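Asks: could you work out the structure for the sequence below:
(6 chains)
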Protein chains: 6
Amino acid sequence: MPFVNIKITRDGATPGQKAELIKGVTDLLVKVLRKNPATTVVVIDEVETDNWGIGGETVSVIRRKSK
Amino acid sequence: MPFVNIKITRDGATPGQKAELIKGVTDLLVKVLRKNPATTVVVIDEVETDNWGIGGETVSVIRRKSK
Amino acid sequence: MPFVNIKITRDGATPGQKAELIKGVTDLLVKVLRKNPATTVVVIDEVETDNWGIGGETVSVIRRKSK
Amino acid sequence: MPFVNIKITRDGATPGQKAELIKGVTDLLVKVLRKNPATTVVVIDEVETDNWGIGGETVSVIRRKSK
Amino acid sequence: MPFVNIKITRDGATPGQKAELIKGVTDLLVKVLRKNPATTVVVIDEVETDNWGIGGETVSVIRRKSK
Amino acid sequence: MPFVNIKITRDGATPGQKAELIKGVTDLLVKVLRKNPATTVVVIDEVETDNWGIGGETVSVIRRKSK
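Replies: Residues are numbered from 1 along each chain as shown, chains lettered A, B, ... in the order given. Coordinates of the predicted model:
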């Protein structure tokens, strides 16, 4: 019955990679806490790099500087 | 003053249906807890089926299988 | 399959009131969007009034002023 | 190490304004709680006005009425 | 740089189990998306069973019925 | 009308510090985006260090190691 929300920057994660994340997190909750996978929900949010900040700067700016 | 976040898969909910959800949840909070509707905020997130997992699989895959 | 998060201030909502909120939101999603209630999850967060702000002030301060 | 999520309606906030929000919130957490800015994450969600409700109505409807 | 929020019912998960979840989710994000573990944040929310609903009922009520 | 959620570890932030955060974030949204402070909501979550992970470890473990 757990609910998991994964937030990542929008960077071209493929449907296959997202399916792998969902499978992996669900299996982990079953293994560690014996949760029921049938009602385990995982939602992935992909966030534009202009909208994600770390260290006080947006990821867009950080990447531009690091080029 | 409550804040409500509703996450659903992106499946063509119309503006009218979303307005109905917002009205319904707000009315419910007024009725059950006598909350002030004027400052009750409801935010709906519509999530791509590739990004929503249940039972360890994405909704995209589940739907493909069930066709 | 929807996921709903309701945030309210911690003000003595009873288990019965919380059950009523959960029932009401689930019924609403079934009625408006024909969602499957069996996998509809509702989580209520009760937040201390020191930790909830509106209009730039905490609810604790607002209530003290209004006494 | 804090995590901050800012939800606003999608109303044309510019990359510069979003960068200013991220910088401002990070600085605030450093000033008030001496948090480490290097691991302070800020994520901004911009939400369609059809999906944001206040007072039981969507922002789309409220704006239409107020014109 | 990802942020993960795991919501589970408060059911006596031990510090060791929570550490295992955090390690597992972080490793998964490194493996699948090559994310930087140093800035990967995982936050676990443990929710009272009165505050968690599924199928329109609280977990407290469901468990009482199933005894 | 914005909604802001600030997650920090539970480390003895005082009511005064939390009020300062709430005031600061609200002022920032008014200044940068001309948002209406009256309907700007800020919610602070304080999370146990056993439930917060970074770099694949809980903050509890990281602090124990660094002593």
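Asks: every contact and neighbour count from this point should use C-alpha atoms.
Replies: Will do.
Asks: could you find the closest non-adjacent residue to residue A:48?
Replies: residue A:10 (5.4 Å; Cα to Cα, 6 or more residues apart in numbering or on different chains).
Asks: where does the prediction get shaky in chain A?
Replies: Within chain A, no range satisfies pLDDT under 70.
Asks: let me see the ranges of the helices in chain A.
Replies: In chain A, the segments counted as helices under DSSP state H are A:15-33, A:59-65.
Asks: contacts for the shortest one next, please.
Replies: Under the criterion Cα atoms under 8 Å, 6 or more residues apart in numbering or on different chains, residues A:49-53 lie in contact with helix A:59-65.
Asks: out of these, which comes closest to residue A:4?
Replies: Using Cα to Cα, residue A:52 is the member of the contacts of helix A:59-65 that lies nearest residue A:4, at 19.4 Å.
Asks: pick the most deeply packed of the helices of chain A.
Replies: helix A:15-33 (a mean of 20; mean count of other Cα atoms under 10 Å in any protein chain shown).
Asks: how far is that one from where the chain is centred?
Replies: In terms of Cα atoms, centre = their mean, to the nearest Å, the centre of helix A:15-33 is found 11 Å from the chain centre.
Asks: name the helices or strands packed onto it?
Replies: Contact analysis of helix A:15-33 by 3 or more Cα pairs under 8 Å, 6 or more residues apart in numbering or on different chains; DSSP states H and E lists strand A:41-47, strand B:57-58, helix E:15-33 as its packing neighbours.
Asks: out of these, nearest to residue F:3?
Replies: Shortest distance between residue F:3 and the helices and strands packed on helix A:15-33, using Cα to Cα, is found for strand A:41-47: 17.1 Å.
Asks: parallel or antiparallel, list what pairs with that closest one.
Replies: Its sheet considered, strand A:41-47 pairs with strand A:3-9 (parallel), strand B:52-54 (antiparallel) by DSSP bridges.
Asks: want to throw those into JSON lines with mean neighbour count?
Replies: Formatted as JSON lines, the strands paired with strand A:41-47 follow (neighbours: other Cα atoms under 10 Å in any protein chain shown):
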{"stretch": "strand A:3-9", "mean neighbour count": "20"}
{"stretch": "strand B:52-54", "mean neighbour count": "26"}
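Asks: as CSV, those with distance to residue A:28 would be great.
Replies: What follows is the strands paired with strand A:41-47, written out as CSV (distance: least, Cα to Cα, whole Å):
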stretch, distance to residue A:28
strand A:3-9, 12
strand B:52-54, 14
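Asks: right, so of those strands, which gets closest to residue D:32?
Replies: Among these, strand A:3-9 comes nearest to residue D:32, with 26.1 Å by Cα to Cα.
Asks: make TSV out of the helices and strands packed on helix A:15-33 and add distance to residue E:4.
Replies: Formatted as TSV, the helices and strands packed on helix A:15-33 follow (distance: least, Cα to Cα, whole Å):
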stretch	distance to residue E:4
strand A:41-47	9
strand B:57-58	18
helix E:15-33	8
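Asks: and of the contacts of helix A:59-65, the nearest to chain B?
Replies: Lowest distance from chain B to the contacts of helix A:59-65 (Cα to the nearest Cα) belongs to residue A:51, with 16.3 Å.
Asks: contacts only, for the closest residue to the closest one other than its chain neighbours.
Replies: Here the nearest residue to residue A:51 in space, its sequence neighbours aside, is residue D:44; by Cα to Cα, 6+ apart that works out to 5.0 Å. Contacts for residue D:44 (Cα under 8 Å, 6+ apart) come out as A:51-52, D:5-8, D:18.
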